[in-house]
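Asks: Give me the fold of what follows.
(one chain, ligands or ions: 1)
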Amino acid sequence: MKKWYAVIGDPIAHSLSPFMHETWFKENGIEASYIPVRVEPADLAKACESLLLMGASGFNVTLPHKQAIIPFLSGIDETAGSMNAVNTVIRKDRKFFGLNTDGDGFVQSLLTTEPERDAKILVIGAGGAARGICFALSRANFENVTIANRTYRRAEELAEETDASAMTIAEAEENLGNFDIVIQTTSVGLAEDEALPLSISNMKSDALAADIVYNPIETPFLKAAEAKGCRTLSGVGMFVYQGAIAFEQWTGKKPDTEKMIQLITETLGGNYVNR
Ligand code: NAP
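Replies: Model prediction:
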């Protein structure tokens, strides 16, 4: 039987995951399809049961189900456990297991910029995505990480769990000139005219600015950093690499990430290039 995969979320029509995975199936000669399924929060348990009964070989999970899905799976791995969130589900026998590839996806994207392991890194935000990124940075031996968040308590808690330091947003603004890499993980920036999560006037001009929001590709944070002469890394890389890790888990094949980053950048209408 032809294998099939899905992405569940609400809303889901905007998702680029079907385009990405179907392209990779074709490129790798795999007979499989990948469909978007809108699942309302109240229907999550029924949806999981149906995906299992109908023979899905695996699926991705996006907002708002990344945490809520956990009780409906047979288990989750350590990474998903530390984040308390799942973005990828694999099928083993007649059971579903949850993983989280977001943090490692970000780090793989960051590694394309060839950062030093002792680079001073500031992570802005302490939400779900920041949790994945901070744990993945720690696993990848980045030893100098500071977390700043609007709600300082969350930054402190995450810093304690990942052996990082915490700062308030005001402290981060003041000390921004000390950081080599600044990673914007808050949901601020989804609208092109939105304010920044912090003032970047003290940022070094040779720092790397990375955003994990990828639509728009060139977020207000990246635009402001670029105007200061900084190198920039868009969130498209994280999106593609988190998908590539899931694809490899499902099929055992490594997809072409570089070409996909180009394709998605074009699809989003940008002529943006990471600088
Ligand atoms: P989340 O768990 O809701 O966390 C949101 C974070 O943003 C929190 O740190 C929150 O601070 C902060 N925040 C929200 N509004 C703010 C504001 N007005 N000013 C300052 N800080 C604000 O969300 P998430 O799951 O981490 O996702 C964050 C973003 O990452 C989303 O835009 C998502 O689309 C994107 N993302 C991208 C990828 C990718 O593949 N590129 C993957 C996952 C997520 P408080 O703690 O103070 O509320």
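
Asks: okay, CA-based contacts and neighbour counts for the rest of this
Replies: Will do.

Asks: What separation do you get for the residue most central in space within the chain and residue 235?
Replies: Of all residues in the chain, the one closest to the mean position by CA atoms, centre = their mean is residue 102, 3.9 Å from it. Computed as CA to CA, to the nearest Å, the residue 102 to residue 235 distance reads 11 Å.

Asks: next one: residue 29
Replies: 28 Å.

Asks: Compare neighbour counts for these two and give me the winner.
Replies: When neighbours are counted by other CA atoms under 10 Å, residue 235 comes out ahead of the other of residue 29 and residue 235, with 24 against 8.

Asks: and the nearest residue to the more buried one once chain neighbours are set aside, what pLDDT?
Replies: Taking CA to CA, 6 or more residues apart in numbering as the measure, residue 235 lies nearest to residue 212, with 3.9 Å between them; neighbours along the chain are not counted. pLDDT for residue 212: 96.

Asks: Residue numbering should commence at 10 henceforth.
Replies: Noted, 10 is the first residue going forward, which turns the last one into residue 221.

Asks: show me what contacts residue 221?
Replies: If a contact means CA atoms under 8 Å, 6 or more residues apart in numbering, then residue 221 has 115, 192, 193, 194, 243, 244, 245, 247 as its contacts.

Asks: And for residue 167?
Replies: Under the criterion of CA under 8 Å, 6+ apart, the contact partners of residue 167 comprise 135, 140, 143, 156, 173.

Asks: cool, and residue 49?
Replies: By CA under 8 Å, 6+ apart, residue 49 lies in contact with 18, 19.

Asks: cool, and residue 211?
Replies: The contact partners of residue 211, by CA under 8 Å, 6+ apart, come to 182, 183, 184, 185, 186.

Asks: mind running it again at 7 Å?
Replies: The neighbours of residue 211, taking CA atoms under 7 Å, 6 or more residues apart in numbering as the test, are 182, 183, 185, 186.

Asks: Restricting to those residues, which residues neighbour the ligand?
Replies: Counting by CA under 6 Å from any ligand atom, nothing from those sits close to the ligand.
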